[in-house]
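Student: Pasting the sequence and the predicted model now:
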Amino acid sequence: VPGDPNGSMPGYAVLDVKAGWQSDDGKYRIGLFVENIADKTYRAPGSGADGVGRNFGITAGVRF
């Protein structure tokens, strides 16, 4: 996807990866993610602000 003259590109052209694990009973879960792997400047269509750069994260959950 070609970028705009200011170097930004649409948010839908950003590459993200997410992987996770969930216990067999569904009570526990863990997820890892990397957003904007190429660390490109992007601006979601209709937004006036640039999105974040490369972002790493972890999620976890427990159901009672």
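Tutor: On my side now, so go ahead. Numbers count the residues shown, from 1 in each chain.
Student: pLDDT weak spots in this structure?
Tutor: 1-2, 7 (pLDDT under 70).
Student: One more pass at 80, please.
Tutor: Residue ranges of the chain with pLDDT under 80: 1-13, 43-48, 52.
Student: From one end of stretch 31-49 to the other, what's the distance?
Tutor: From its first residue to its last, stretch 31-49 covers 27 Å (Cα to Cα, to the nearest Å).
Student: same check, this time on stretch 13-22
Tutor: Across stretch 13-22, first to last residue, Cα to Cα, it's 29 Å.
Student: do the same with stretch 16-32
Tutor: 11 Å.
Student: what does stretch 48-64 give?
Tutor: Here the two ends of stretch 48-64 are set 41 Å apart, with distance taken as Cα to Cα.
Student: Name the residues of it that are buried.
Tutor: Residues of stretch 48-64 classed as buried: Gly51 (neighbour count, 16 or more other Cβ atoms under 10 Å). For glycine as for every other residue, the C-beta is placed from the backbone atoms N, C-alpha and C.
Student: now what about that stretch, what contacts it?
Tutor: Here stretch 48-64 makes contact (Cβ atoms under 8 Å, 6 or more residues apart in numbering) with 8, 11, 14, 20, 26-39, 41-44.
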